[in-house]
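Participant: With the sequence up front, the predicted model follows.
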Amino acid sequence: MTEQSTDMAGEVAARLNGRPIVLIGMMGAGKSAIGRKLAARLDWPFVDADHEIEAAANMSIPDIFEAYGEPEFRRLEASVMARLLDAGSSVLATGGGAFMNADTRAAIAASAVSVWLSADIDLLMARVARKSTRPLLKAPDPRAVMQKLIDERYPVYARADVTVASRDASKEEMAQTVIEALHDHLAGTPEKAAQDPT
Ligand SMILES: Nc1ncnc2c1ncn2[C@@H]1O[C@H](COP(=O)(O)OP(=O)(O)O)[C@@H](O)[C@H]1O
Ligand SMILES: O=C(O)C1=C[C@@H](OP(=O)(O)O)[C@@H](O)[C@H](O)C1
Ligand SMILES: [Mg+2]
């Protein structure tokens with residue numbers, strides 16, 4: 001880690017002034033993996049909304065879908081998101097559907113900064129193939145499901161404050177790219193110390 005990139009992470013943390021960073025994007029985009037690296041770089045807590053939903057329900061996501069269906073999962077997801085957005089400085093990896101809820105989007109816009117990790121379908125399919133824990137993709141043609149979700153969701157994801165395109169780079173490099181994109185987005189925002197000299 002160069003001194004310069006450490007400074008940049010520190011500036012981003014100061015300019016966010018207590019607002020969480022919320023990662024959005026499709027299944028397989030790397031929200032959970034890159035979010036964890038990003039939190040380590042900022043020295044902030046990392047929270048995965050899917051994990052929090054599982055803890056709240058005391059059930060795995062596939063079991064929630066199977067026992068109660070997707071609408072109940074979405075209700076749980078929205079209530080967990082509302083709670084997590086109050087947590088202050090943290091990196092929050094959402095599940096791919098969370099940003100599609102209008103209330104969740106409004107809460108993110110009001111209290112956080114959102115980063116869309118965009119990716120093309122080939123990259124997403126290669127990444128999700130590693131795990132079979134995503135109930136929406138347990139379908140005869142998972143690629144067709146992924147394409148349909150991309151068509152529905154990308155126009156909404158595009159409303160995120162910042163967009164970072166995924167590429168063939170390590171998780172650490174992607175975390176650095178997110179820090180640089182946030183740094184650009186926040187340019188001109190006063191740092192916390194400058195706002196509050198006490
Ligand atoms: N930049 C990357 N390079 C290599 N593998 C990655 C990268 N980003 C994510 N992955 C891997 O891709 C898979 C899906 O990533 P994950 O973070 O679970 O995505 P999401 O939370 O957006 O669904 C995981 O196995 C993860 O380790
Ligand atoms: O895109 C979605 O609707 C979902 C994405 C999953 O999270 P990841 O995006 O972390 O895979 C998880 O919340 C659930 O399986 C539904
Ligand atoms: Mg995830």
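Facilitator: Thanks, I have the structure now. Ligands and ions are numbered 1, 2, ... in the order given.

Participant: For the closest residue to Asp120 other than its chain neighbours, give me its contacts.
Facilitator: The spatially closest residue to Asp120, leaving aside those adjacent along the chain, is Ser166, at 8.0 Å (C-beta to C-beta, 6 or more residues apart in numbering). C-beta: built from backbone N, CA, C; applies to glycine. Applying C-beta atoms under 8 Å, 6 or more residues apart in numbering to Ser166 gives the contacts Ala29, Gly30, Leu117, Ser118, Ala119, Asp120, Leu123, Met174.

Participant: one more time with 6 Å, if that's ok
Facilitator: By C-beta atoms under 6 Å, 6 or more residues apart in numbering, Ser166 lies in contact with Leu117, Ala119, Leu123.

Participant: What residues does this structure have near ligand 3?
Facilitator: Lys31, Ser32 (C-beta under 5 Å from the ion).

Participant: Let me see the ranges of the strands in the chain.
Facilitator: Using DSSP state E, the strands of the chain run over 21-24, 46-48, 91-93, 113-118, 162-165.

Participant: list the contacts for the spatially most central residue of the chain?
Facilitator: The residue lying closest to the centre of the chain (C-alpha atoms, centre = their mean) is Leu23, at 1.8 Å. Counting by C-beta under 6 Å, 6+ apart, Leu23 touches Lys31, Gly35, Ala93, Val115.

Participant: What separation do you get for it and ligand 2?
Facilitator: 9 Å (C-beta to the nearest ligand atom, to the nearest Å).

Participant: what are the bridge partners for that residue, then?
Facilitator: On the basis of DSSP bridges, Leu23 is bridged to Ala93, Val115.

Participant: And it, how far from Asp161?
Facilitator: For Leu23, the distance to Asp161 equals 11 Å [C-beta to C-beta, to the nearest Å].

Participant: try Arg19
Facilitator: For Arg19 relative to Asp161 (C-beta to C-beta), the value is 10 Å.

Participant: Which neighbours do these two have in common?
Facilitator: Val113.

Participant: what's near enough to touch the closest residue to Thr163 other than its chain neighbours?
Facilitator: Nearest non-adjacent residue to Thr163, counting by C-beta to C-beta, 6+ apart: Trp116, 4.7 Å away. If a contact means C-beta under 6 Å, 6+ apart, then Trp116 has Ile24, Gly25, Tyr157, Ala160, Thr163 as its contacts.

Participant: how about the helices in this protein?
Facilitator: 3-16, 31-42, 49-57, 61-68, 70-84, 102-111, 121-128, 142-157, 171-186, 192-195 (DSSP state H).
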